[in-house]
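> give me a 3D structure for the following:
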Amino acid sequence: MKDLYIDGKLVIGVDHGYGNMKTRNTVFKSGVKKYSEDPAIATNVLQLDGMYYVIGESHKVFIANKNADDDYYILTLAAVAKELELRGLRSADVILAVGLPLHWMSKQKDSFRDYLMRSREVSYRYCGQYYHIRICDVAIYPQGYAAIAASLQDYKGVHMLADIGNGTMNTLVITNGRPVSDKKYTDKIGVHECVKKIMNEVQAECGKIPDESVIEDFLISGTSEVSERIQAVMHREAVKYTEMIFDKLSEYEYDSELVKLHIIGGGGCLIRNFGKYDTSSVEIIEDICATAKGYEEIYNAQHILRKGA
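Sure, this is the predicted structure:
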């Protein structure tokens, strides 16, 4: 396990996805359900200020502003607890390295930082364990971009980054290792759009309503323990979704003969399983935790630069 301490403070990268929360070492669904009493049969329960929050039983619905409710704050505390648990810690001074969609950075950066630092010291329980943390700093970076930042010196020519999450796709054009500031885009065409379309089409054609988990497993693996008839519908709609993704990228001047495409996020498995693309010009970054790791690496690199200045 890689630990990054700066001046005695543990740096924890957290990728706040609509589908999943990711840290360097953990992945869990972004759902939060709030209760005034301890839920009897739930397992992943976070207790804070007399309230109980069940974590990870569903996905977070899309909201354009991530500090619009308390969910991502609660999910952040759960993410920190998971990282501390892996280290056998119950208390720590932490630095949060997080991100926002590319197109929303300028407007939401300050408010999201204030949101995560609403309480500098927090005591809570998670999965039956007591935790006490002090949030010493929150650094915010462009979502997705962090996953490739360390490799930019190798990006000669024109490249395009597509971060396909559950709620959005964030796209960035990079020329000779430099992000192009006026060529960054955020579109609400995340994987959940594909899941909804499959659910609707299966219901319309087969008279069945598959559970979301069945569809998600199919998109990840390319197969499922359902009838061939239902699989055929799911496969057809997944192919249509990947075609829509490439159509959108083409609007942003993606051309497989001129541009190297890098795909990260949960949508990468759909492209791999159902997309038609030139494997020599498309890289699918399989590590779903790559962005969270990237946040930590960027923070560390900036700290080294500040010390050397």
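> was I right about residue 74 contacting residue 32?
Yes - if you go by C-beta atoms under 8 Å, residue 74 and residue 32 touch, sitting 5.4 Å apart. C-betas here are computed from N, CA, C, even on glycine.
> got any residues that touch both of the two?
Common contact partners of residue 74 and residue 32 (C-beta atoms under 8 Å, 6 or more residues apart in numbering): 53, 55.
> the stretch 51-200 of the chain: strands as residue ranges?
Remark: strands assigned in the stretch 51-200 of the chain by DSSP state E, counting those that start in this stretch are 51-55, 91-100, 121-126, 129-142, 158-164, 169-175, 178-187.
> distance to residue 112 for those - can I get that in JSON lines?
JSON lines is the format used below for those (distance: least, C-beta to C-beta, whole Å):
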{"stretch": "strand 51-55", "distance to residue 112": "20"}
{"stretch": "strand 91-100", "distance to residue 112": "6"}
{"stretch": "strand 121-126", "distance to residue 112": "17"}
{"stretch": "strand 129-142", "distance to residue 112": "6"}
{"stretch": "strand 158-164", "distance to residue 112": "17"}
{"stretch": "strand 169-175", "distance to residue 112": "15"}
{"stretch": "strand 178-187", "distance to residue 112": "15"}
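> out of those, the one nearest residue 13 is which?
Distance to residue 13, taken as C-beta to C-beta, is lowest for strand 91-100 among the strands of the stretch 51-200 of the chain, at 4.5 Å.
> what lines up beside the closest one in the sheet?
If you go by DSSP bridges, strand 91-100 pairs up with strand 9-13 (parallel), strand 129-142 (parallel).
> who's in contact with the shortest one?
So that's strand 9-13. Strand 9-13 has contacts (C-beta under 8 Å, 6+ apart) with 3-5, 23-24, 79-80, 83, 92-98, 136-137, 146, 291-296, 299-300.
> how far is stretch 136-147 from where the chain is centred?
12 Å (C-alpha atoms, centre = their mean, to the nearest Å).
> flag every buried residue along it.
136, 138-147 (16 or more other C-beta atoms under 10 Å).
> same question for stretch 25-42.
Residues of stretch 25-42 classed as buried: 25-32 (neighbour count, 16+ other C-beta under 10 Å).
> picking that back up, which of the contacts of strand 9-13 are buried?
So, by 16+ other C-beta under 10 Å, the buried ones in the contacts of strand 9-13 are 4, 23-24, 79-80, 83, 92, 94-98, 136, 146, 291-296, 299.
> check contacts around residue 146.
13, 99, 291, 294-295, 297-298 are the contacts of residue 146 under C-beta under 8 Å, 6+ apart.
> that one - nearest residue in space that isn't next to it in sequence?
Leaving aside its chain neighbours, residue 146 sits nearest to residue 294 (3.2 Å; criterion: C-beta to C-beta, 6 or more residues apart in numbering).
> my guess is residue 87 meets residue 3, correct?
Yes - counting by C-beta under 8 Å, residue 3 is a contact partner of residue 87 at 7.0 Å.
> hey, what's in contact with both of those two?
By C-beta under 8 Å, 6+ apart, no residue touches both residue 87 and residue 3.
> how near is residue 221 to residue 246?
22 Å (C-beta to C-beta, to the nearest Å).
> before we move on, which element is the nearest residue to residue 276 once chain neighbours are set aside in?
Spatial nearest neighbour of residue 276, chain neighbours left out: residue 242 (7.3 Å); criterion: C-beta to C-beta, 6+ apart. Using DSSP states H and E, residue 242 sits in helix 228-251.
> distance between that helix and the chain's centre?
Put simply, helix 228-251 sits 21 Å off its chain's centre (C-alpha atoms, centre = their mean).
> that helix: what's the following helix or strand?
Next helix or strand after helix 228-251 toward the C-terminus (DSSP H and E): strand 259-264.
> elements contacting that next one?
Judged by 3 or more C-beta pairs under 8 Å, 6 or more residues apart in numbering; DSSP states H and E, the packing partners of strand 259-264 are strand 158-164, strand 282-284.
> for stretch 281-291, give the mean pLDDT please.
Stretch 281-291 comes out with an average pLDDT of 92.
> actually, stretch 42-51.
For stretch 42-51, the mean per-residue pLDDT is 92.
> can you measure across that stretch, start residue to end residue?
End-to-end distance for stretch 42-51: 14 Å, by C-alpha to C-alpha, to the nearest Å.
> list the buried ones in that stretch?
Within stretch 42-51, the residues scored as buried using 16+ other C-beta under 10 Å are 44-48.
> between those residues, which sits nearest residue 165?
Taking the buried residues of stretch 42-51 together and measuring to residue 165 by C-beta to C-beta, the closest member is residue 44, at 21.4 Å.
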